[in-house]
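> here's my sequence, what's the structure:
(4 chains)
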Number of protein chains: 2
Amino acid sequence: MRRDSRLSRMLHVLIHMDRIDGAATSDQIAQMLGTNPVVVRRTMAGLRDDGYVHSEKGHGGGWVLTRPLSEITMLDIHRAIGNPAFFAVGVAVDHPECLVEQAVNSALGSAFEAAEKLLIEKFASVTLADLADEFDQRMAKIANKPTCELSR
Amino acid sequence: MRRDSRLSRMLHVLIHMDRIDGAATSDQIAQMLGTNPVVVRRTMAGLRDDGYVHSEKGHGGGWVLTRPLSEITMLDIHRAIGNPAFFAVGVAVDHPECLVEQAVNSALGSAFEAAEKLLIEKFASVTLADLADEFDQRMAKIANKPTCELSR
DNA sequence: GGAATTCGAAACTTTTGTTGTTGCGAGATG
DNA sequence: CATCTCGCAACAACAAAAGTTTCGAATTCC
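Numbering: from 1, shown residues only, chains lettered A, B, ... in the order given. Predicted coordinates for the structure are as follows:
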C-alpha cells in the first residue's frame, strides 16, 4: 500500500516558503517536489481554502504564506490537505450483526483510536515554527546549506 | 486510500474456526468473507507458514487451527499476513540532504514511531482467546446467535 | 483404480485509487 | 496586447490489490 507523503511534502514546502522573498510559483514547487504544477495546485488549494496560503495570478504571482509559522501546526496542514486517513489497516464490516466480528472490531478499533489520539495530540503540539527552529539547530551544527530548489 | 482489512477478517475467521468441528475449506471461508478461495489461500498461506493453521487436501480437508486461541495474539496474525504497514501517511524523501526535510521528517517520524509502538503493544497484549471471551460476553448479553456462514 | 475434493502456485485480468497530463479560461503584470 | 500564473475540468497513465483462470498434486470416497 503506497503511503501518502503530501503532509510531509507540504510541511517541507511551507517552511521553505517562509524563508524566501516573494511568491513561489506552482512550477517552482513542482520542480522541488519532482512533480508537476497541477498536482501542486491541487494540494495547495486545500491550504488556501483553510487560510494558510494565498495565491496570486500573473507576473510575480504564485503562493505566499498568510500566517506566521508559529500559528500553523502539523495537524492544521493534515486537515488542510483533506484529513487523509492515518491508518492503512482497518476493520472489515462483512457481517455487522456477527458478534465475533463485533468483538474483533471493537478490539482493533480501540487500538486504532488510541493511536490516532496520540498522533493528533502530537501533530497539534508541533508548529511549523518548531520545525523551522529544529532546522536552524541542524544548520548550526553542521554549518552547511539546505539544498532544495526553493532555497536557492 | 483503501484500508487493508485482512487482519480484521483473519481474526474473525480464526475465532469461528475454533468453534466448529473439522476443517474449514477455502471455499467456505471465501463465502463467509464475500471473496474467493484463491484469495483466502493466499492470506492463509502466511498463517500456515507461521504455524497457526494447518491445511489438508482432499475430501474433508481444509484449514484447521494448530494452536489454542490463547497462544495467538493479534500481533501474531498481523505479522503472519505479511506485517503490512500500519500507516497510510508517510514521510517523503525527495531531498535526503535537505535539512528542512530532515527536520520535518524527524518530527513526523517520531510521532509515527510512538503511535506504532502503542499499536504493537496493544496488539501483542490481546490474544484471540480474549476476543473469544469478549464474544461470549456479548453473546450472553443479548442471547442471540452469531451469524456467519462458518458458525452454522 | 477412478472420480471427486481440496489445496498450491503461477499467470493473467479486472478493479480502484492516485498521480500525471492536456487544454482552456480568467486575472494580473509589464 | 503578450506573457505569466492560477483554476478547473476532463482525460490518460500508472500502481497496488483483488479477482480469475488454469494447471498440478495430494487425499478421500466408492
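> show me the shaky parts of chain A.
Residues of chain A meeting the criterion pLDDT under 70: A:143-152.
> quick one: the helices in it?
Along chain A, counting by DSSP state H, helices occupy A:6-19, A:26-33, A:37-49, A:74-80, A:99-125, A:128-142.
> can you tell me which residues contact the closest residue to A:Pro96 other than its chain neighbours?
Counting by Cβ to Cβ, 6 or more residues apart in numbering or on different chains, A:Pro96 lies nearest to A:Gln102, which is 7.8 Å off, once chain neighbours are set aside. Where you see a C-beta, it was placed from the backbone N, CA and C, and this is true even at glycine. For A:Gln102, the contacting residues are A:96, B:135, B:138, by Cβ atoms under 8 Å, 6 or more residues apart in numbering or on different chains.
> highest neighbour count among those residues?
B:Phe135 (22 neighbours; other Cβ atoms under 10 Å in any protein chain shown).
> in this structure that one contacts A:Ala103, no?
Yes. Here B:Phe135 reaches A:Ala103: they are 4.3 Å apart, a contact under Cβ atoms under 8 Å.
> need the residues touching each of these two.
Each of B:Ile15 lies in contact with both B:Phe135 and A:Ala103 under the rule Cβ under 8 Å, 6+ apart.
> enumerate the residues of chain A near DNA strand C.
For chain A, the residues in contact with DNA strand C (Cβ under 7 Å from any atom of the strand) are A:2, A:4-6, A:34-36, A:38-39, A:56-61, A:84.
> from the residues you listed, pick the one nearest chain B.
In terms of Cβ to the nearest Cβ, no member of those lies closer to chain B than A:Ser5, at 3.7 Å.
> so how do I select the buried members of the residues of chain A next to DNA strand C in ChimeraX?
Applying 16 or more other Cβ atoms under 10 Å in any protein chain shown to the residues of chain A next to DNA strand C leaves a buried subset, and the ChimeraX line that selects it is:
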select /A:4,5,6
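> could you identify the most distant pair in the residues of chain A next to DNA strand C?
Greatest spacing in those, by Cβ to Cβ: A:Arg2 and A:His59 (37.4 Å).
> list the contacts of A:Leu14.
Listed by Cβ under 8 Å, 6+ apart, the contact set of A:Leu14 reads A:47, A:52-53, A:65, A:69, A:72, A:77, A:128.
> wait, A:Arg6 touches A:Ile81, no?
Yes. Between A:Arg6 and A:Ile81 there is a contact at 5.0 Å, judged by Cβ under 8 Å.
> now for those two: what residues contact both?
Common contacts of A:Arg6 and A:Ile81 (Cβ under 8 Å, 6+ apart): A:Thr43.
> and A:Phe135, what does it touch?
Taking Cβ under 8 Å, 6+ apart as the criterion, A:Phe135 is in contact with A:15, A:146, B:99-100, B:102-103.
> which one of the residues you listed is nearest to DNA strand D?
Nearest to DNA strand D, judged by Cβ to the nearest atom of the strand, of the contacts of A:Phe135 is A:Ile15 at 17.7 Å.
> and A:Ser5, how far is that from DNA strand D?
Distance, A:Ser5 to DNA strand D, by Cβ to the nearest atom of the strand, to the nearest Å: 13 Å.
> ok, and the closest non-adjacent residue to that residue?
Excluding the flanking residues, the one nearest A:Ser5 by Cβ to Cβ, 6+ apart is B:Ala92, at 3.7 Å.
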